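Colleague: Need the 3D shape of this:
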Amino acid sequence: MRRWLRALPWLGWLALLAVQSATPLTVHGATALGAYATVRVAEVNIRTGPGAGFTVLDTVQEGETVAVIGRLLDCSWLQVVRPGKGEGWLTASLVILSRPCGDLPSVAGPTPIAVSLEQVTATLSPQPGAATQILQPTPQPLSQPPSPPSDCGGLPGENYGAVTVAGPPTQRPAAVHPDLNLAVRGYEPTIAPATLIHIDGPVDEQAPQLTGLFGDRRHATVGTTYQVYDWDWECDCHGDLIDASAVTLVGLQVALGEPIFTPDSPRTIGSGYEALVLYAAADRITIKFTREDNVVRGYTLHVEGICVEPGLLARYTALDQAGRGELPALRGGQPFGRAQGQMIRIAIRDNGQFLDPRGRPHWWR
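Modeller: Coordinates of the predicted model:
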């Protein structure tokens, strides 16, 4: 029954597309499976390519659903289709996917172009009886990438070091690793209470405290709750939603542009650092409170809906491409980005297992 409910929005798009188009409708492979995204913020721009430098094709409002047909390799942008307007792209962090991002086909987006006046389309004067000839401009790449929004500015004065990884580096590319990039697994909203709760059981006094995510060390206001998908390593595909805990991911209310910090941990990983950056993209980060390049032992924290500090992202990208023998390291209380909107999403894991991040006194003492 649940699958039929998920398919209803896409069936509506199919009907609307069929009415608006006189040509036979081509169903893309991903959308044939019912993949769609629901907008979770006030408004989202759909652009002609994956980046702020592309033209706005359409705008969708909070609560609207959009058919999804592909993704960038790191799941930072989704390729979508709009009735009567064609294909476009939107930022993945601003929507909730109906299925894990890793299930969608990976596609390469177009490169932003800038066209000079000299390259503008020229129309030759037609001769009687001759067809008009159009000279197409030659696309030229932009000289530099577009500037990020002002709310996503860097963190002046922050410098990021690195430490040698303990043991071998991960063999699978981090961007498509379901343990390192949470977007590969995906998650869905749940009706569990959106509030911090008391959870009985032993308390690890050395667990990272999530109050440290915020400069004022406040107990967070929970806005939304989610369940993360399990991963089936035999078929290398996503499984069912993890139900060992009622909640495995939460949305926490923040101020737009608010700095987000590394939670303190009594343990260190050497040279005064407390956490290792296992994965970073423009809008998400995964940090580990031990030095291994995996989530097998120790605590791991996923944070999404942020603008990762550009210097940290550049450092991570360089070390990742160099083979991951070293990875960026963070000190306790060191900021690593800013809130991209009014909500960030976090998941906490211990020895690989996703735990309930609402739990007091485990994470919120």
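
Colleague: burial count for Y299?
Modeller: 23 (other Cβ atoms under 10 Å). C-beta: built from backbone N, CA, C; applies to glycine.

Colleague: Would you confirm that L104 contacts L78?
Modeller: Yes. At 7.5 Å, L104 counts as touching L78 under the criterion of Cβ atoms under 8 Å.

Colleague: ok, these two, which is more surrounded?
Modeller: The neighbour comparison of L104 against L78 (other Cβ under 10 Å) goes to L78, with 29 against 23.

Colleague: Quick check: that one vs N181, distance?
Modeller: Using Cβ to Cβ, to the nearest Å, L78 is found at 14 Å from N181.

Colleague: so who does Q340 touch?
Modeller: 93, 151-152, 256, 283, 305-307 (Cβ atoms under 8 Å, 6 or more residues apart in numbering).

Colleague: Buried subset of these, written for PyMOL?
Modeller: The buried residues among the contacts of Q340 can be selected in PyMOL (16 or more other Cβ atoms under 10 Å) with this line:
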select buried, resi 93+152+283+305+306+307
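
Colleague: And the helices in the stretch 151-300 of the chain, which stretches?
Modeller: For the stretch 151-300 of the chain, the helices defined by DSSP state H, counting those that start in this stretch cover 182-185.

Colleague: Name the surrounding residues that touch stretch 38-52.
Modeller: Here stretch 38-52 makes contact (Cβ under 8 Å, 6+ apart) with 54-66, 72, 76-77, 79-80, 82, 88-91, 94-96, 98, 109-112, 145-146, 148-149, 341, 343.

Colleague: Mind checking which of those are buried?
Modeller: 54, 57-58, 60, 65-66, 72, 76-77, 79-80, 82, 88-91, 94-96, 98, 109, 112, 341, 343.

Colleague: Narrow those residues to those in helices?
Modeller: Judged by DSSP state H, the subset of these located in helices is empty.

Colleague: Filter those down to the ones in strands?
Modeller: In this view, the buried ones among the contacts of stretch 38-52 that belong to strands under DSSP state E are 57-58, 60, 65-66, 77, 79-80, 82, 88-91, 95-96, 343.

Colleague: Looking at the residues you listed, spot the one nearest G325.
Modeller: W77 (29.5 Å; Cβ to Cβ).

Colleague: Would you mind confirming that the closest one makes contact with G109?
Modeller: Yes. With contacts counted by Cβ under 8 Å, W77 reaches G109, the gap being 6.7 Å.

Colleague: Find residues that contact each of the two.
Modeller: With Cβ under 8 Å, 6+ apart as the test, W77 and G109 both reach 50-51, 89.
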